[in-house]
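Asks: predicted model and sequence below, questions to follow.
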Amino acid sequence: MSAAEGPLVVGVDTSTQSTKALVVDVATGEVVASGQAPHTVSSGAGRESDPLQWWDALREALRQCGDAAREAAAVSVAGQQHGLVTLDAQGAPVRPALLWNDVRSAPQAARLVEELGGPKAWAERTGSVPGPSITVTKWAWLAEHEPESVRATRAVRLPHDYLTELLTGVGTTDRGDASGTGWWASGTEAYDEEVLGRVGLDPALLPRVARPGEVVGTVRDGADLPFSKGTLVAPGTGDNAAAALGLGLLPGTAVLSLGTSGTVYAVSTRRPADPTGTVAGFADARGDWLPLACTLNCTLAVDRVAALLGIDREAVEPGTSVTLLPYLDGERTPALPHASGLLHGLRHDTTAGQLLQAAYDGAVHSLLGALDLVLDEDADRSAPLLLIGGGARGKAWQQTVRRLSGRAVQVPEAKELVALGAAAQAAGVLTGEDPAAVARRWNTARGPVLEAGERDEAALARIAGVISDAAPLLEREADQR
């Protein structure tokens with residue numbers, strides 16, 4: 001470990017596939033130690049994980065950080081959004097957590113939208129129109145399909161809440177992650193009792209929503225973690241809000257995040273309320289807003305196509321007129337929860353590389369379709385798009401985004417921006433600084449800029465046409481195929 005100039009903090013990213021921990025020097029932003037441990041996710045109709053895995057993975061990731069973690073003065077946990085964690089009277093998980101990409105609650109989502117006034121009313125009330133990713137729909141699904149699990153539940157948490165509570169012994173969340181539940185009203189910044197009453201969820205089961213910059217506790221004794229006594233714990237937040245902190249994001253700058261899911265978002269000072277449901281009106285972790293659109297199928301879906309073809313993920317070839325919609329887990333943007341992958345335009349001379357390029361095109365098309373909707377009217381649409389996430393360093397992803405957007409692309413050199421954002425939040429509670437300003441001081445967005453090229457209007461029109469023409473197929477329930 002190199003000698004640190006200032007105090008150390010820990011930022012944690014508990015994502016779908018793994019937990020990562022970074023020990024960061026507050027003065028310089030240097031990562032002085034890191035660790036990572038995997039999780040497993042169920043396959044089949046649902047997407048579930050045992051929360052105890054997350055705790056074990058956190059302990060292992062911190063163990064890998066060694067003595068640096070013991071020197072840390074503050075810690076913050078950022079996590080995958082929307083996951084439903086149900087705990088019994090002893091604080092143990094009642095059942096595996098229902099994750100963000102579990103779309104079994106699509107019928108409950110549609111029913112809730114109708115019962116509480118329609119999409120416009122939901123957007124104005126909570127900032128978002130609930131789809132099957134949103135936590136309230138998962139609770140409604142659980143109440144309908146596993147009433148015994150609901151009866152056994154004494155606390156309801158999100159993934160980052162769960163780990164933060166294990167650190168401190170106190171149940172808290174933050175406005176950024178709470179805004180993705182569907183039971184937190186963005187207008188009043190409080191839990192919505194009518195929504196909770198509709199789904200039979202007692203607000204006493206929910207964590208307190210901490211203020212931005214609040215110290216929610218200290219690491220408790222007996223947590224079996226390599227922290228010193230008195231280590232401060234920040235509120236934490238959802239992964240996208242943490243990445244925005246990690247970039248030191250200013251209003252008007254668009255971010256495309258390429259991970260298991262794909263997201264496009266920007267910080268705004270205006271509270272969003274999109275009645276179409278395309279844009280989720282999330283809060284950020286500082287007091288502003290984070291309008292965001294999310295796709296369920298991004299890097300994992302494209303990698304699956306590459307694996308099926310038996311070629312490397314970078315082995316794309318140009319010149320394709322094939323359209324491949326990689327909706328392998330259903331889709332959220334566009335709202336097609338029952339969809340599966342769709343291939344159109346296959347010819348004798350179509351190559352495997354062209355098929356793979358078509359998968360990239362289909363995934364990026366969904367993200368770009370929501371780009372203008374997340375930006376305020378006065379945003380600079382000629383500015384580079386910030387490209388982050390696991391796919392951001394892939395040349396095929398970079399070139400596909402450039403070609404289909406017609407915009408320059410900047411790829412930050414900093415890795416693990418979610419964990420860096422959590423570290424910036426931990427630094428903020430330690431020093432009293434704005435965590436986004438901390439990240440800007442660390443220069444986390446620094447990276448090469450790839451120049452803009454001509455926008456491929458023909459490909460965009462072809463993909464949009466296939467989505468429109470294939471709507472009856474894409475909207476069918478699985479048992480109707």
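Replies: Perfect, I can see it now. Residues are numbered from 1 along each chain as shown.

Asks: CA only for contacts and neighbour counts going forward, please
Replies: Fine.

Asks: what sits against the nearest residue to Ala285 once chain neighbours are set aside?
Replies: Nearest residue to Ala285, sequence neighbours excluded (C-alpha to C-alpha, 6 or more residues apart in numbering): Gly176, at 5.1 Å. Residues near Gly176 by C-alpha atoms under 8 Å, 6 or more residues apart in numbering: Thr237, Gly238, Ala241, Phe282, Ala283, Asp284, Ala285.

Asks: Gly176: what secondary structure?
Replies: Look at Gly176: counting by DSSP: H, G, I helix; E, B strand; the rest coil, its state is helix.

Asks: how about Val77?
Replies: Reduced to three states by three-state DSSP, Val77 is strand.

Asks: and it, how many neighbours does it have?
Replies: 35 (other C-alpha atoms under 10 Å).

Asks: touching, it and Thr237? I think so.
Replies: Yes. At 6.9 Å, Val77 and Thr237 qualify as touching, with contact defined as C-alpha atoms under 8 Å.

Asks: quick check: neighbours shared by those two?
Replies: The contact sets of Val77 and Thr237 overlap at His160, Ala422 (C-alpha under 8 Å, 6+ apart).

Asks: rewinding a little: and the pLDDT for the residue nearest to Ala285?
Replies: Here the pLDDT value assigned to Gly176 is 97.

Asks: returning to what we had before: mind checking which of the contacts of Gly176 are in helices?
Replies: Ala241 (DSSP state H).

Asks: what two of the contacts of Gly176 are the furthest from one another?
Replies: Maximum pairwise distance among the contacts of Gly176 (C-alpha to C-alpha): 11.5 Å, between Thr237 and Phe282.

Asks: so between those two, which is more surrounded?
Replies: Remark: of Thr237 and Phe282, Thr237 carries more neighbours, 35 against 31, as counted by other C-alpha under 10 Å.

Asks: so how far is the helix or strand that contains Thr86 off the chain centroid?
Replies: Using DSSP states H and E, Thr86 maps to strand 85-87. Remark: strand 85-87 is offset 20 Å from the chain centroid, using C-alpha atoms, centre = their mean, to the nearest Å.

Asks: report the buried residues of that strand.
Replies: Val85, Thr86, Leu87 (16 or more other C-alpha atoms under 10 Å).

Asks: what does stretch 67-79 give?
Replies: Ala68, Ala69, Arg70, Glu71, Ala72, Ala73, Ala74, Val75, Ser76, Val77, Ala78, Gly79.

Asks: end-to-end on stretch 317-336?
Replies: 28 Å (C-alpha to C-alpha, to the nearest Å).

Asks: ok now it, how far from the chain's centre?
Replies: Mean-position distance between stretch 317-336 and its chain equals 20 Å (C-alpha atoms, centre = their mean).

Asks: that stretch - what's its average pLDDT?
Replies: Stretch 317-336 shows a mean pLDDT of 90 in the predicted model.

Asks: elements contacting the strand holding Thr86?
Replies: strand 97-98, strand 155-157 (3 or more C-alpha pairs under 8 Å, 6 or more residues apart in numbering; DSSP states H and E).

Asks: no further questions, thank you.
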